[in-house]
Every structure is written in structure tokens, then in C-alpha cells.
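S.K.: Compute the structure for the input listed below.
(4 chains)
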Protein chains: 2
Amino acid sequence: MSVFLSERKSFTTSFLKKSEWTRNAILDSALEFLWSQPFREMTVAKLMTIAGASRPAFYQYFTDLYDLMETLLRKLEVDILETTDPWFDGKGDPVAMLSESQAGLVRIGYDRGPILRAVADASSSDKRLELAWKKFLAAFDDAVVVRIEQQQQQGLIPAFDARSIAIALNRLDTSLLIHAFGRLPRNDPKPVHEALTRIWTSTLYGSGNESRLKTM
Amino acid sequence: MSVFLSERKSFTTSFLKKSEWTRNAILDSALEFLWSQPFREMTVAKLMTIAGASRPAFYQYFTDLYDLMETLLRKLEVDILETTDPWFDGKGDPVAMLSESQAGLVRIGYDRGPILRAVADASSSDKRLELAWKKFLAAFDDAVVVRIEQQQQQGLIPAFDARSIAIALNRLDTSLLIHAFGRLPRNDPKPVHEALTRIWTSTLYGSGNESRLKTM
DNA sequence: TAAAAAAACTGACATCGAGTCAGTTATAGA
DNA sequence: TCTATAACTGACTCGATGTCAGTTTTTTTA
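M.R.: Just a heads-up that it's a prediction; the model follows:
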């Protein structure tokens, strides 16, 4: 079960029905696999060898590898929503809240980068998973749009088309997290957090970044 | 050969050696295919049916589908470098130059979106193509870093780690272009251009976007 | 322009991974 | 301990890939 599980809780615990136990063993095996190899190397056979069961047993629990990946995506989703909370619901200084939310995102990206990458990779090969991934991203787009429009009404954020900016900023986050943390060795999280915060902040609040640009 | 070829020059022209002709017919078939279906649906057999030759003939010209996609990537690269020129080499108002370069990028993204998407999709399934794609992006990262550092020395851009911002902004561009134009029907290019320009501009030059945010 | 050389092409084959199923084994509950 | 239910497996089919020996078509050149 290796060192790679150290950063996360294992799915397999004692006192579970055999069926649940095996399902979790498969999920654990998938995580173990994806921490060291890209999704494209994963086959049902390899996975089940790690999990210690026969290949057909896999199909007892998942319809295919993409179905399994969707399960991992759901688990990611929950954790991301949690740590992203401050900017969406917080009451204080919006810049500080934003920085905090981005910090949470970076932390999760760092802790689960290869999984995030694997889901993104896999989603381009399967219609169903692609849809799930798209919805996952769209949910964030919607949340960011709402927050931007709220703060535009308060005069905290200048007037512009909230949706296209929200989409752009969210794409920025996902692709940068995958770029920086999607494979081992992972980048240093600090500059990633700084870059994201700088870009979001200057785009939304225009602060921290006034240029010396006058005429020219 | 269809309507989809209208926006681009066909590879196949007269007076070509048979060998070159067939190779180009395959490339044309790939474009035709990718304008209407995602990469994951593409098989050598389907492609060669469109191209009008036997399946094994494909391997005369390409080692596999990823090799073919790499060829399409090279062609994209050339065109992108062209239209991106203003901000990198221009002399006038940096904000205007930047907006112009982004416009070029958006135009290419719009004209070739599905191809861009197909290359990105395919790159996650193949080591070689993944590397080519990574290098393609890294080349832009480097160019942007150089330009940012130049303008930081001139005092046009505030001091910050140019590389991480460059990487972030480039990831933003690619993923947003693919999101907006990667499949039919494509989005309206105007808000995409506006969003990109707003984000790049406020991040680098801090202009066009001063917030009413004082204390709070 | 016709024959030789070179190139492009093809049918048939081997391989690999996916997904299915009928039949067997193991588990959980009474 | 027995039985019903759930979990598992070996063996199969299928679809796509990549290769090769042999044939056809194109190009060269005499």
C-alpha cells in the first residue's frame, strides 16, 4: 500500500462487508497506481493485480475505468468545495478571503495533484466522464459568477461580463494546478499560490498591482 | 471534403508525387474528421476510409495516430507564432500590442479550435505527443517570461516572479481557447478576447481596472 | 515508350485489452 | 450448520492496433 497513501486516508478499513472491502481495495489500488503512473498506463488487469483479485471482479463494482475515475472525481469535489468556502461565503476583506480560498485550492491540488490530472486526462477519452468533468467545472463557474456579481453590485469589483471572466479564471486554476502538481516531483506550491492570487486579485479588485504605466 | 475545409487551405493540391498526395489526403481526412468528432472516435480504419485507401497504407506515412496529431500540432505552431508577434516584438503601447496578440490568438483558436482540442486530448494518451505538446507550451512560457522581464526592467510591469505568472497566463489561454472553441458550436469570440485581454492587462499593467476598493 | 527499379499498396495475420457469461466458491444470516 | 445470496473466476468474443510477405502502380531512365 506504500508511501503514497501516507497523504490520504485509505478507503479500506476493517469491519466492512467483503463487497465494500473489495470495492475500496480497488479504489486504493487506483490511487496507488496513479501516484506513480499516468492514467494511460492503467489497465483493468494491472489494477486488479494490485488489488489482489481477478480481472472480471473489477466489473462487479465499476462499469469501466472511467466509471472508477468518476468516483475519484466525486471525492475530490467534496474536498474542494470545503476548502474553497472562504471567498464564496466569507464576510471580511475580499482580497484576504480570496487568497485564503486559493490557498485551500493549492493545498488540495498539491495533495491530490496526480489524481486531478488523471481525471482530467481520462475525461478526454470517455463521453460520460467528460460530461461529469464538465459539470464539475461548470458548478464552479456558476459559483464564481454569483460571487463576482454580488461584489460588482457592492462596487467592490468593476463592471464587466462576470461569466466569461469566471470561466477564464477557473480554467486558469485547473490547468495550472494540474501543470504544477499533476505529476511527481511536484512544484513548490508557494509561487503557484502567489501567481494565482495575484492574477485573481488584480483582475477582480485591481489591487496590489498598480502599474507605473502613464502615457507611452 | 465538405464545408469544414472552407476555413483552411487543403493540403492536397495537384502536381504532387503520389506519395505526398496520399499523405496530404490523410491529413485532410483527419481535419475533416476532427471538425465533426472528437479525437477519441478516430481510428485508423475510419480515417483511411475517408482518405480512400487501405488501412495499412496509413502506416506508410505515420507511425500511429499520435504521430499524425503531432504533424497537425507543428502546423498550428507555425501559425500561432505568426499572429502572436505584436506583443513579443512590437514597439508601441504595450497594452494595445497585448490586445492585438490576444486577438490573433483568439482568431486562430476560433479557426482551428477543434484541432487544438484534438491535439490536447490526444496528448494525454501518448507519451511522445505529450512531450511535444509540453514543449510547444514551454516555448511560449519562455517567450512570455522574456517579454515580462524586459518590461519589468523598463518599469512597465511591476516586480514579481515572471515565470510563474507567465506559465499561469499561458495555461489560461490554452484552456480557455479549447473550452470556448474546441467543439462546435463555438462560442462568440468577442467575450473571450475581452476576458483574456482584461486578465492579462490587469495582471501585467494593472490598467483599465482600478477598483473602488479603499479600506474595508 | 517500354522495361527496370522503386515506391506504394494490400490481404491476412498476430497481439492486446475490453467486456461478458455460465458456472463455481465463499460469505452472511437464521 | 445449513441455505440463500453475493462474490468471484476461466474462458470466450470482439474491436482496434501494428506488421509482413507478396502484388500492383508509379516513376525513372535508356
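S.K.: Contacts (any at all) between chain B and the host helix or strand of A:Leu116?
M.R.: Counting by DSSP states H and E, the element that carries A:Leu116 is helix A:94-123. Yes - using C-beta under 8 Å from any C-beta of the partner chain, we find that helix A:94-123 touches chain B at A:94-95, A:120-121. (Each C-beta comes from the backbone N, C-alpha and C, glycine too.)
S.K.: List the buried residues in that helix.
M.R.: Residues of helix A:94-123 classed as buried: A:94-95, A:97-106, A:108-123 (neighbour count, 16 or more other C-beta atoms under 10 Å in any protein chain shown).
S.K.: Find the nearest non-adjacent residue to the residue sitting nearest the centre point of chain A, please.
M.R.: In chain A, the residue lying closest to the centroid (C-alpha atoms, centre = their mean) is A:Leu116, at 5.2 Å. With C-beta to C-beta, 6 or more residues apart in numbering or on different chains as the criterion, A:Leu116 has its nearest non-adjacent residue at 5.8 Å, and that residue is A:Ile178.
S.K.: neighbours of the one you found, just the number please.
M.R.: 21 (other C-beta atoms under 10 Å in any protein chain shown).
S.K.: Where do the domain boundaries of chain A fall?
M.R.: As given by automatic domain parsing, the domain ranges for chain A are A:3-61, A:65-204.
S.K.: chain center to the shortest one: distance?
M.R.: Relative to the mean C-alpha coordinate of its chain, domain A:3-61 is positioned 20 Å out (C-alpha atoms, centre = their mean, to the nearest Å).
S.K.: any idea where the strands of chain A begin and end?
M.R.: Using DSSP state E, no strands are assigned anywhere in chain A.
S.K.: Can you list the low-confidence ranges for it?
M.R.: Residues of chain A that meet the criterion pLDDT under 70 lie in A:1-19, A:207-216.
S.K.: let's see it at 90
M.R.: For chain A, applying pLDDT under 90 flags the ranges A:1-22, A:79, A:81-92, A:206-216.
S.K.: which residue does it bring closest to DNA strand C?
M.R.: The minimum distance from chain A to DNA strand C, using C-beta to the nearest atom of the strand, falls at A:Asp64 (3.4 Å).
S.K.: quick one: contacts for that residue?
M.R.: Counting by C-beta atoms under 8 Å, 6 or more residues apart in numbering or on different chains, A:Asp64 touches A:44, A:126.
S.K.: Would you map the helices across chain A?
M.R.: Residue ranges of the helices in chain A, as given by DSSP state H, are A:18-36, A:44-51, A:55-61, A:65-83, A:85-89, A:94-123, A:127-153, A:162-181, A:189-204.
S.K.: Dump those to JSON lines, plus distance to B:Val145.
M.R.: As requested, these are exported to JSON lines (distance: least, C-beta to C-beta, whole Å):
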{"stretch": "helix A:18-36", "distance to B:Val145": "30"}
{"stretch": "helix A:44-51", "distance to B:Val145": "39"}
{"stretch": "helix A:55-61", "distance to B:Val145": "45"}
{"stretch": "helix A:65-83", "distance to B:Val145": "30"}
{"stretch": "helix A:85-89", "distance to B:Val145": "29"}
{"stretch": "helix A:94-123", "distance to B:Val145": "21"}
{"stretch": "helix A:127-153", "distance to B:Val145": "28"}
{"stretch": "helix A:162-181", "distance to B:Val145": "15"}
{"stretch": "helix A:189-204", "distance to B:Val145": "12"}
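S.K.: quick one on the thing from earlier: do I have it right that the residue nearest to A:Leu116 meets A:Ala120?
M.R.: Yes - the criterion here is C-beta atoms under 8 Å, and A:Ile178 meets it with A:Ala120 at 5.8 Å.
S.K.: that older thread, would you confirm that the residue nearest to the centre of chain A contacts A:Gly182?
M.R.: Yes - using C-beta under 8 Å, A:Leu116 is in contact with A:Gly182, at 6.5 Å.
S.K.: Give me the buried stretch members for stretch A:44-61, please.
M.R.: Going by neighbour count (16+ other C-beta under 10 Å), the buried part of stretch A:44-61 is A:44, A:47-48, A:50-51, A:53, A:57-58, A:61.
S.K.: what's A:Arg183 sitting at in phi/psi?
M.R.: When read as degrees, to the nearest 10, the backbone of A:Arg183 gives phi -140, psi 160.
S.K.: residue contacts, it?
M.R.: Counting by C-beta under 8 Å, 6+ apart, A:Arg183 touches A:38, A:113-114, A:117.
S.K.: do you know how far it is from B:Ser99?
M.R.: Taking C-beta to C-beta, to the nearest Å as the measure, A:Arg183 falls 34 Å from B:Ser99.
S.K.: so which of the domains of chain A is the most packed in?
M.R.: Mean neighbours per residue, mean count of other C-beta atoms under 10 Å in any protein chain shown, is largest over the domains of chain A for domain A:65-204, with a mean of 19.
S.K.: How far away from the center of its chain is that domain?
M.R.: Mean C-alpha position of domain A:65-204 versus that of the full chain (C-alpha atoms, centre = their mean) differs by 7 Å.
S.K.: Any part of that domain near DNA strand D?
M.R.: No - Domain A:65-204 does not reach DNA strand D (C-beta under 7 Å from any atom of the strand); its nearest approach is 12.4 Å.
S.K.: That domain spans what distance, first to last residue?
M.R.: With C-alpha to C-alpha, to the nearest Å applied, domain A:65-204 spans 39 Å between its terminal residues.
S.K.: How about stretch A:32-52?
M.R.: 13 Å.
S.K.: contacts for it?
M.R.: So stretch A:32-52 is in contact with A:1-2, A:4-5, A:22, A:25-26, A:28-30, A:54-55, A:57-58, A:64-65, A:69, A:114-115, A:117-118, A:121-122, A:183-184, B:124-127, going by C-beta under 8 Å, 6+ apart.
S.K.: So it, near DNA strand C or not?
M.R.: Yes - using C-beta under 7 Å from any atom of the strand, stretch A:32-52 reaches DNA strand C at A:43-45.
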